[in-house]
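> turn this into a model:
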Amino acid sequence: MAASTRAFYNVEQLKHPHIREKFANSLDTKLYSHGPLSGSTTQQWDQLKKVVKETDKSTLGPKRRPHQDWVDDNDDAILQPLEEKRMAFSVWQNNMSSPTKRDRFKHLQRQTQAALRRMQDEIQHYCDTKNSNKFFGAIETVFGPPEPSNAQLKSANGNLLKEKKAINNRWREHFSDLLNRPSTVTSEVLDSIPQRSTINFLDRLPTLQELNVAIQQTSAGKAPGKDSIPADIFKAMGPIALDNFHTLLINIWEGGDMLQDGALK
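Here you go, the predicted model:
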């Protein structure tokens, strides 16, 4: 069976108030037409997820992939001055006594440095504004992605392990030994630990308002989970969508029937 393709949508559009409002209204309208979620909690989640993704596609469109090379957008500003500077340097080297050729090279050198500095300032701006996605994206495209490497590890008998499979097996062996050691704590020690009373209010059902507050406190811009729905989508939900999501969570809470695909983690 072929693996399903995960679709990613342009959640950056939600930063525009009119698009955010359009998305919330469209999602609420579709859920109202759909009617109450039905079936098991997994089936309810599938229904909600389907409507959300349909609205993502129609309102936000596909995610725009960044240009493969960050400096491509600056080709005219960088590559041309670099080439002109190189040629001016060659011309000057052929006639070192010419002040005109020397001055032209120095001028182009300053121009190129200024253009490169603007690129550096752009990266610094991403850092200063805490835009980590664009900051690390710019760094990665300039210097390339980090090369994967395996830290060497020693086996239980002291032999050096270099292959990835052997290293993974050693970590598995280490944690198995660590977590499956027999307990040396006596029952008397456990009984002597002070007991605290049960905090019953922590078991009460979360309200719609509490859910909304929790969602709004979630950091935006994070990679989505298996459901391919990022936090930005939940933060932009209107009242009907939020109410459906709250009902689903209450059903999970009361029934103890967790979603089969491991979503909402």
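> ok, residues contacting stretch 58-65?
Stretch 58-65 is contacted from outside by 7, 8, 9, 10, 11, 12, 13, 14, 19, 22, 23, 26, using C-beta atoms under 8 Å, 6 or more residues apart in numbering. The C-beta positions use only the backbone N, C-alpha and C, and glycine is treated the same way.
> buried residues, it. List them.
Going by neighbour count (16 or more other C-beta atoms under 10 Å), the buried part of stretch 58-65 is 59, 60.
> quick check, distance from that stretch to the centre of its chain.
Relative to its chain's centre, stretch 58-65 lies at 16 Å (C-alpha atoms, centre = their mean, to the nearest Å).
> then stretch 127-137?
Distance of stretch 127-137 from the chain centroid (C-alpha atoms, centre = their mean) equals 12 Å.
> residue 120 sits in which helix or strand?
helix 99-128 (DSSP states H and E).
> which elements pack onto that helix?
Applying 3 or more C-beta pairs under 8 Å, 6 or more residues apart in numbering; DSSP states H and E, we find helix 99-128 packed against helix 75-94, helix 132-143.
> what average pLDDT does that helix get?
Helix 99-128 shows an average pLDDT of 86 in the prediction.
> between that helix and helix 75-94, what angle do the directions make?
Taking axes from the mean of the first three to the mean of the last three C-alpha atoms, to 10 degrees, one finds helix 99-128 and helix 75-94 inclined to each other by 150 degrees.
> next, the angle from helix 99-128 to helix 132-143.
140 degrees.
> picking up where we left off before, mind putting the contacts of stretch 58-65 into CSV with pLDDT?
What follows is the contacts of stretch 58-65, written out as CSV (pLDDT from 0 to 100):
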residue, pLDDT
7, 60
8, 73
9, 80
10, 84
11, 85
12, 84
13, 86
14, 88
19, 91
22, 94
23, 94
26, 95
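> of those, buried ones?
Buried among the contacts of stretch 58-65 (16+ other C-beta under 10 Å): 9, 11, 13, 14, 19, 22, 23, 26.
> what's the most distant pair in those residues?
11 and 26 (14.7 Å; C-beta to C-beta).
> pop the domain breakdown of the protein in here.
Listed by automatic domain parsing, the domain ranges of the chain are 11-62+207-255, 71-143.
> among these, which is nearest residue 158?
Using C-beta to C-beta, the nearest of the domains of the chain to residue 158 is domain 71-143, at 36.9 Å.
> would you reformat the buried ones among the contacts of stretch 58-65 as a markdown table and include distance to residue 183 and secondary structure?
Shown next, in a markdown table, are the buried ones among the contacts of stretch 58-65 (distance: C-beta to C-beta, whole Å; DSSP: H, G, I helix; E, B strand; the rest coil):
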| residue | distance to residue 183 | secondary structure |
| --- | --- | --- |
| 9 | 50 | strand |
| 11 | 48 | helix |
| 13 | 55 | helix |
| 14 | 51 | helix |
| 19 | 57 | helix |
| 22 | 59 | helix |
| 23 | 53 | helix |
| 26 | 56 | helix |
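> before we move on, the earlier item: of all the helices and strands packed on helix 99-128, which one is nearest residue 126?
Going by C-beta to C-beta, the one of those nearest residue 126 is helix 132-143, 3.8 Å.
> packing partners for the closest one?
helix 99-128.
> for the protein, which segments count as helices?
Secondary structure of the chain by DSSP state H: the helices cover 17-34, 41-55, 75-94, 99-128, 132-143, 164-179, 187-191, 208-216, 231-235, 239-255.
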